[in-house]
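In: using only what follows, build the 3D model:
(chains A and B)
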Number of protein chains: 2
Amino acid sequence: MEKRADALQRLRQAHEEIVLAALRSEGPMSRTQLTDRTGLSRTTLFAIISELMERGAVIESGVEDDGRPRGRGRPATRVSLNPDAGLLIGVDLGRRRVRVAVANIARQVIATAVDDSAPDADESEQADLAVALVHKICEDRGIGLGALEGIGIGLVGVMDAPDRRWRAAERLGAAFGTRVETDNNARLAALAEQTWGAARSAEDVVYVRWSVGVGGGFISGGRLLRGAHGASGELGHVSVDPAGPRCHCGGRGCLEERIGVPALLEALASQGIRLTGTDDLLEAAQARTPAVTTVVVAAARTLGTVLAGTVAQLDPARVVVGGDLAVLGGLVLDPIRSALSELALPGTRRTPDVVPADLGPNASAMGAIALMLKEQDPLPPGPDPADL
Amino acid sequence: MEKRADALQRLRQAHEEIVLAALRSEGPMSRTQLTDRTGLSRTTLFAIISELMERGAVIESGVEDDGRPRGRGRPATRVSLNPDAGLLIGVDLGRRRVRVAVANIARQVIATAVDDSAPDADESEQADLAVALVHKICEDRGIGLGALEGIGIGLVGVMDAPDRRWRAAERLGAAFGTRVETDNNARLAALAEQTWGAARSAEDVVYVRWSVGVGGGFISGGRLLRGAHGASGELGHVSVDPAGPRCHCGGRGCLEERIGVPALLEALASQGIRLTGTDDLLEAAQARTPAVTTVVVAAARTLGTVLAGTVAQLDPARVVVGGDLAVLGGLVLDPIRSALSELALPGTRRTPDVVPADLGPNASAMGAIALMLKEQDPLPPGPDPADL
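Out: Numbers count the residues shown, from 1 in each chain, chains lettered A, B, ... in the order given. Predicted coordinates for the structure are as follows:
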């Protein structure tokens, strides 16, 4: 049995959600109206409102229930969501960059910013960089941090110094004295794409991010999958060759070692084609340099074969391809589409759409905001993100 | 924006759940006590109780709140869960058999039964067989069907005449005039194992069923994954050889075609070892016939390689191996364990446990019951299934 304290806590959360949902969908109301609308008792409702006011999530104003002067006594006040509250910040602590996005309570992303981070930055440096970036963006845009409700933080993959970045995330939360939610940044990009981007309104999504590393995130039944250790989505560490070379994860023949940008550059170097990095590779592929397109297409085919297995297992309605390589469009999407239509239960004629990601490099920071919106808001629907 | 009617419906469900959770965890209560306990207004609470009584889910009795006679007026009544209500039936419409399990509202499976079904039975025959089996088991055990609350039905995999069985499921629901929930029977077995069996208390589980076919089910964050078309879990149709022979699903080199019982029998036949079916194969493997163990171990290794990819992607805490082959224990589990420890992000030192399934052949029928329990019961915790 669940502990009683936990059950009470859940009950209180359910009450809060009911109240916030009502205010969100119907606007300001008096306590009496809220009692009618929510079905909660007056005692419960008043307690919930007090607590929400204490936390600054709702405010009250002295407007009449019906908008007209009242005959006698003090006027009834109306309760509404605090327009200054609910400021949410998303931070993406990447391999080489820190990105920040800021959203208001209406779920509108109102500002974004980016700064380079040394690849070997320790956790203090990374935390300081992120804190400075948040302060800068808020000053530039005249955003008060007093209404900050939470910081969502995206961290790099399970194998790439997550502990160090986790400590940076903790410091960041402490610096702003607010709640912190963390998750893997590829998973957060998936969530952002589902909330605002290429996977919008799809409940079952496989998202893959193909850049230097290969990561991903899965959404099933509208929920971002986490896994037992927060490591769900590690598409890059599916073995495509169990007898292959050792990967830094300890496994063998991992997809990331086969198709990540460094592997592609190496394959090209062995053919005498020296490219210096991702941008260089993308340019050469867009210029349709034959050897480069051959290597990229073969890699996309390999990715497609792995994704066919993922699709057979997870049955998504849509596959979203993000990351640096996704800008190549059909060159990478078409081989993935062929692999899926040949290998992912073709007899069912349910091969999912394969589409490029929409949100660009801010996806993870935006996903960190989406994470907090989902967490605090399981019951009520949000406003149409098309308003964004 | 969500439609207002939907929002109200969700609100009402949230109220119901709160009331049922309170009755379930704390036993019979007066309406006054329920008002205090749930935080709902009297108006809301009374309406919810009326509706639950109408549906026979709760009953009231004329017992005093404090158990003693009352001074005057009519005695306060107490509301409790209806002990005769909540009868749930799970049916597994398998390839060759129909299985039935019956559970009371306390989530206790109180009876099970099985009958053979012709492999070519049409939907009417299969529905008739299932209806007869339910009637028989209820008569035998003196179980009244008046309190039947729902029927959960497990159907075979996505590629094996699901439409025909789906129609049988519809007929079955109509025959008993009750709500019907359906799902794939391998996924339901996963759910049963998580509710009562080998995956109990694990929130993140990969379940594989290895028999004539190869199927599976995934649980993530405590929820059974469905997929966009209800086809999540199709481990058997992960391609292990994209250039391999055509599978009945339309793909190539599918795992099921490589390690399903027919494939194993064929591999042995090509070595001159003729076995006639699953039981024969299992016996020979248990007798440690060398050629048979070699074939089985190689197949388990192949399964393990696919599962390593699944584990890298879904990050489960436990892998449960069910189906006919699971009775071979270490002979099949050990090769799976090695594959996982070599290929599934070994550097994270989070290789999941690999355990045999617990619930035997009734798992899917039991899972069909678990499905209904989960669906009607998202908020409150259930009684400890150890009581089962």
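
In: got the contact list for whatever residue of the stretch 101-250 of chain A ends up closest to chain B?
Out: Residue nearest to chain B within the stretch 101-250 of chain A: residue A:227 (2.6 Å; CB to the nearest CB). Any C-beta I mention is one placed from the backbone N, CA and C, and that applies to glycine too. By CB atoms under 8 Å, 6 or more residues apart in numbering or on different chains, residue A:227 lies in contact with A:233, B:204, B:220, B:314-316.

In: any idea how far the residue of the stretch 251-388 of chain A found nearest chain B is from residue B:52?
Out: Going by CB to the nearest CB, chain B is nearest to residue A:315 of the stretch 251-388 of chain A, at 2.6 Å. Distance, residue A:315 to residue B:52, by CB to CB, to the nearest Å: 35 Å.

In: do stretch A:165-180 and chain B meet?
Out: No: Stretch A:165-180 lies apart from chain B when judged by CB under 8 Å from any CB of the partner chain; the minimum separation is 14.0 Å.

In: do stretch A:336-354 as well
Out: Yes: using CB under 8 Å from any CB, stretch A:336-354 reaches chain B at A:339, A:342-348, A:350, A:352.

In: what about those residues, which are in helices?
Out: Within the residues of stretch A:336-354 next to chain B, residues falling in helices by DSSP state H are A:339, A:342-343.

In: by neighbour count, which of the residues you listed wins?
Out: Highest neighbour count within those: residue A:343, with 27 neighbours (other CB atoms under 10 Å in any protein chain shown).

In: these two touch, right, that one and residue B:250?
Out: No: Residue A:343 lies out of contact with residue B:250 (CB atoms under 8 Å); the separation is 9.0 Å.

In: about what we covered before: more neighbours, residue A:315 and residue B:52?
Out: Comparing residue A:315 with residue B:52 by other CB under 10 Å, the one with more neighbours is residue A:315, at 26 against 20.

In: give me the pLDDT value at the more buried one.
Out: pLDDT recorded at residue A:315 is 96.

In: residue A:311 too?
Out: At residue A:311, the pLDDT value in this model is 97.

In: host element of it?
Out: helix A:290-314 (DSSP states H and E).

In: residues in the stretch 151-300 of chain A within reach of chain B, list them.
Out: Contact residues, the stretch 151-300 of chain A versus chain B (CB under 8 Å from any CB): A:158-159, A:202-204, A:216, A:218, A:220-221, A:223, A:225-235, A:237-239, A:242, A:248-252.

In: from those residues, list just the buried residues.
Out: Among these, those that count as buried by neighbour count (16 or more other CB atoms under 10 Å in any protein chain shown) are A:158-159, A:202-204, A:216, A:218, A:220, A:223, A:225-228, A:231-235, A:237-239, A:242, A:249-252.

In: mind giving me the domain split of chain A?
Out: As given by automatic domain parsing, the domain ranges for chain A are A:4-81, A:87-190+A:364-387, A:202-357.

In: let's have these in CSV, adding distance to residue B:115.
Out: Listed next are the domains of chain A as CSV, based on distance: least, CB to CB, whole Å:
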stretch, distance to residue B:115
domain A:4-81, 42
domain A:87-190+A:364-387, 42
domain A:202-357, 30
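
In: figure out which of the ones you listed is closest to residue B:46.
Out: With CB to CB as the criterion, residue B:46 lies closest to domain A:4-81 of the domains of chain A, at 10.9 Å.

In: how far away from the center of its chain is the closest one?
Out: Offset of domain A:4-81 from its chain centre (CA atoms, centre = their mean, to the nearest Å): 30 Å.

In: got it, and stretch A:230-242?
Out: Centroid separation for stretch A:230-242 versus its chain: 20 Å, with CA atoms, centre = their mean.

In: try stretch A:87-102
Out: Computed by CA atoms, centre = their mean, the chain-centroid distance of stretch A:87-102 equals 11 Å.

In: which parts of it are buried?
Out: Using 16+ other CB under 10 Å as the test for burial, stretch A:87-102 gives A:87-94, A:98-102.

In: and what of stretch A:14-31?
Out: Residues of stretch A:14-31 classed as buried: A:14-25, A:28-31 (neighbour count, 16+ other CB under 10 Å).

In: near chain B, which of the residues you listed show up?
Out: Residues of the buried residues of stretch A:14-31 in contact with chain B (CB under 8 Å from any CB): A:14-15, A:18, A:21, A:25.

In: hmm, back to that, check contacts around the residue of the stretch 251-388 of chain A closest to chain B.
Out: The contact partners of residue A:315, by CB under 8 Å, 6+ apart, come to A:204, A:350, B:226-232, B:234.

In: out of the residues you listed, the closest to residue A:270 would be?
Out: Relative to residue A:270, the closest of the contacts of residue A:315 is residue B:234; by CB to CB it sits at 37.8 Å.

In: from chain A, how far off is the closest one?
Out: Counting by CB to the nearest CB, to the nearest Å, the gap from residue B:234 to chain A is 5 Å.

In: that residue touches residue B:157, doesn't it?
Out: Yes: using CB under 8 Å, residue B:234 and residue B:157 qualify as a contacting pair, with a distance of 6.8 Å.
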